[in-house]
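when you get a sec, could you give me coordinates for this:
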Amino acid sequence: MSIYTKPKNSDLQLSLYLSQALSYLSDHAAMTLFSVRKLNVGSSQKVFNPDGAPVADTVHLTMRSSSIGSNSVDLQLFYDPYDWSFPPDIILHGLYMKPSLADLGLDDTWDHEDPANLSRVLKKLSYMMQHDERQRVALCDNERIQVEYSCLHDREEMDCCLIPGIDGPTKVVFAVPFYINIQEQGVNQEIKLVAKIQFLISSLVPNDVAAVKSHVELLSTFDYPDLLRGTPDIGKHEPVTDYIGRVSKKMTEHFDRAQKRRDMKKQMIDTLLVTFRPNLLECDLVNHTFASFLFIVDRVKGREGTATAIATFYLPDTFPDEYPKITLTAPLLPSASYLPTPEPEVIPVKLYSPRWGCERIVNEIWEQLWDEIPRFYTKALHFASAPSSHS
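Sure, this is the predicted structure:
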């Protein structure tokens, strides 16, 4: 049971009643495209008779239900000052239609114990405002707008509005939510976005569309802002449904490529581990970004003596389109005291193709390292033999 079940006892309980109701409203107002987008709340005030007796407690609200329109509605809610459990009366300013109290749920269905009651009233009012906006767009005397509306009006949560031009063209705006399904780290995710398309139409030229602008926004959490910044613009004669399909395809293909790269990185690390497991020092088994190995090879092919080096394979996010980065590091040389070692050296891969399988890539790199490790080891010995020159 809420703390304002019987708010008629004191002004404090009236304040708590209003505080909880408006707190719930603010928490839930932006959950959907059709919810209250902007809400300004005036302070609660009392209306008195000339004799000083309170007539009503009033709450002032200003709301704009559409995410794209400019029309707003001012509301005044009049509560019984002696018992706020009764549904309030309401005065609307700026609404073309005249809904009844029953239309808004201000009747016997009102539940004063539910902090969502005010939110439900405003949501019903929001839908009424949107219906009015839709009717204005549907009746727009422009063939392109009528075609677009006929294709979009059945889409869930589609929003639209018509903004008459005073000194310029009329604007017709559609806000169309759509979804893309992606796989991130092996988990399927559904991303919700909205495409906002603005048409500039002239009242002087029949069926004229002067310009079309597009903008895509997120309606859910998304960690790839660069992808949104690269969203293509709509073509002037491109249907909105085709544009949304093109954007969805571009984004889906991006994530498909990213998933294939992640799969290829994992396969590459797995191949390295299978091939060089006895030489393994450390590796990344989570993001599959690197693996380090201690290699010992012949210093000169066909002769005695060995060369030692630590080889680290770094896999960029663009792998296999970009070849692995390989770094050779000299291990500490056995000595009674510390001997300096050269800086790690990046080894450019000489033979590589992104079309090769991981086994061939590893084999080609190993053939190259068989020559690079003795050279680097010799360099390390020379570096250690002259420590005074590096002090």
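
let me see the ranges of the helices in the stretch 251-391 of the chain.
Per DSSP state H, counting those that start in this stretch, the stretch 251-391 of the chain carries helices over the ranges 358-385.

for it, which residues score under the pLDDT cut-off?
Low-confidence segments of the stretch 251-391 of the chain, defined by pLDDT under 70: 300-304, 333-340, 384, 386-391.

show me where it has strands.
For the stretch 251-391 of the chain, the strands defined by DSSP state E, counting those that start in this stretch cover 280-283, 290-298, 306-314, 325-329, 345-347.

adding mean neighbour count and distance to L381, write these out as JSON lines.
Any C-beta I mention is one placed from the backbone N, CA and C, and that applies to glycine too. Formatted as JSON lines, the strands of the stretch 251-391 of the chain follow (neighbours: other C-beta atoms under 10 Å; distance: least, C-beta to C-beta, whole Å):
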{"stretch": "strand 280-283", "mean neighbour count": "13", "distance to L381": "21"}
{"stretch": "strand 290-298", "mean neighbour count": "17", "distance to L381": "15"}
{"stretch": "strand 306-314", "mean neighbour count": "19", "distance to L381": "9"}
{"stretch": "strand 325-329", "mean neighbour count": "18", "distance to L381": "14"}
{"stretch": "strand 345-347", "mean neighbour count": "15", "distance to L381": "14"}
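
now distance to E133 too, for those strands, in a markdown table please.
Listed next are those as a markdown table, based on distance: least, C-beta to C-beta, whole Å:
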| stretch | distance to E133 |
| --- | --- |
| strand 280-283 | 58 |
| strand 290-298 | 55 |
| strand 306-314 | 55 |
| strand 325-329 | 56 |
| strand 345-347 | 60 |
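
what's the closest non-adjacent residue to T271?
C358 (4.1 Å; C-beta to C-beta, 6 or more residues apart in numbering).

still on that earlier bit, looking at the strands of the stretch 251-391 of the chain, which is nearest to E364?
strand 325-329 (11.6 Å; C-beta to C-beta).

neighbours of K260, how many?
11 (other C-beta atoms under 10 Å).

against Q267, how distant is it?
10 Å (C-beta to C-beta, to the nearest Å).

D111 reaches N117, doesn't it?
Yes - the criterion here is C-beta atoms under 8 Å, and D111 meets it with N117 at 5.7 Å.

more neighbours: which of the two?
Neighbour totals were compared for D111 and N117, and N117 leads with 19 against 13 (other C-beta under 10 Å).

roughly how far is stretch 163-175 from the heart of the chain?
Distance, stretch centre to chain centre, for stretch 163-175: 29 Å (C-alpha atoms, centre = their mean, to the nearest Å).

put the alpha carbons of that stretch into CSV.
The C-alpha trace of stretch 163-175 is given here as CSV (Å, rounded to 0.1, in the frame of the first residue of the first chain):
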residue,chain,number,x,y,z
ILE,A,163,4.3,21.6,-39.4
PRO,A,164,2.8,24.3,-41.6
GLY,A,165,5.3,26.7,-43.0
ILE,A,166,4.7,30.4,-42.4
ASP,A,167,7.4,32.0,-44.5
GLY,A,168,8.7,28.8,-46.1
PRO,A,169,7.8,25.2,-47.1
THR,A,170,5.7,22.9,-45.0
LYS,A,171,7.5,20.2,-43.1
VAL,A,172,6.2,16.7,-42.8
VAL,A,173,8.3,14.5,-40.5
PHE,A,174,8.1,10.7,-40.0
ALA,A,175,9.8,8.9,-37.1
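
OK, contacts around the most centrally placed residue in the chain?
Centroid-nearest residue in the chain, with C-alpha atoms, centre = their mean: F222, separated by 2.4 Å. By C-beta atoms under 8 Å, 6 or more residues apart in numbering, F222 lies in contact with I191, L228.

and it, how far from I182?
10 Å.

who touches both of those two?
The contact lists of F222 and I182 share I191, where a contact means C-beta under 8 Å, 6+ apart.

would the residue nearest to the centre of the chain count as being in a strand?
No - assessed by DSSP: H, G, I helix; E, B strand; the rest coil, F222 does not belong to a strand; its assignment is coil.

start at 39, not 1
Happy to do that; since the first residue is 39 now, the last one works out to F260.

neighbours of the residue nearest to T309, how many?
19.

am I right that it is in contact with M306?
Yes - with contacts counted by C-beta under 8 Å, C396 reaches M306, the gap being 4.8 Å.

tell me where the stretch 39-188 of the chain has helices.
49-66, 155-176, 181-190.

now the strands: where do they sit in the stretch 89-238 of the chain?
92-102, 111-117, 127-131, 197-201, 208-222, 225-239.

closest to A368 out of these?
Here strand 208-222 is closest among those (C-beta to C-beta), at 39.2 Å.

check the offset of the host helix or strand of Y281 from the chain's centre.
Taking DSSP states H and E as the definition, one finds Y281 inside helix 278-314. Distance of helix 278-314 from the chain centroid (C-alpha atoms, centre = their mean) equals 18 Å.

what does stretch 119-134 give?
Worked out by C-alpha atoms, centre = their mean, stretch 119-134 lies 38 Å from the chain centre.

give me the buried positions along that stretch.
Buried residues in stretch 119-134, counted by 16 or more other C-beta atoms under 10 Å: P119, W122, S123, P125, P126, I128, L130, L133.

same thing with stretch 278-297?
By neighbour count with 16+ other C-beta under 10 Å, stretch 278-297 contains the buried residues V278, Y281, I282, V285, S286, M289, H292, F293, A296.

one step back: for I183, which of the strands of the stretch 89-238 of the chain is the nearest?
strand 208-222 (5.3 Å).
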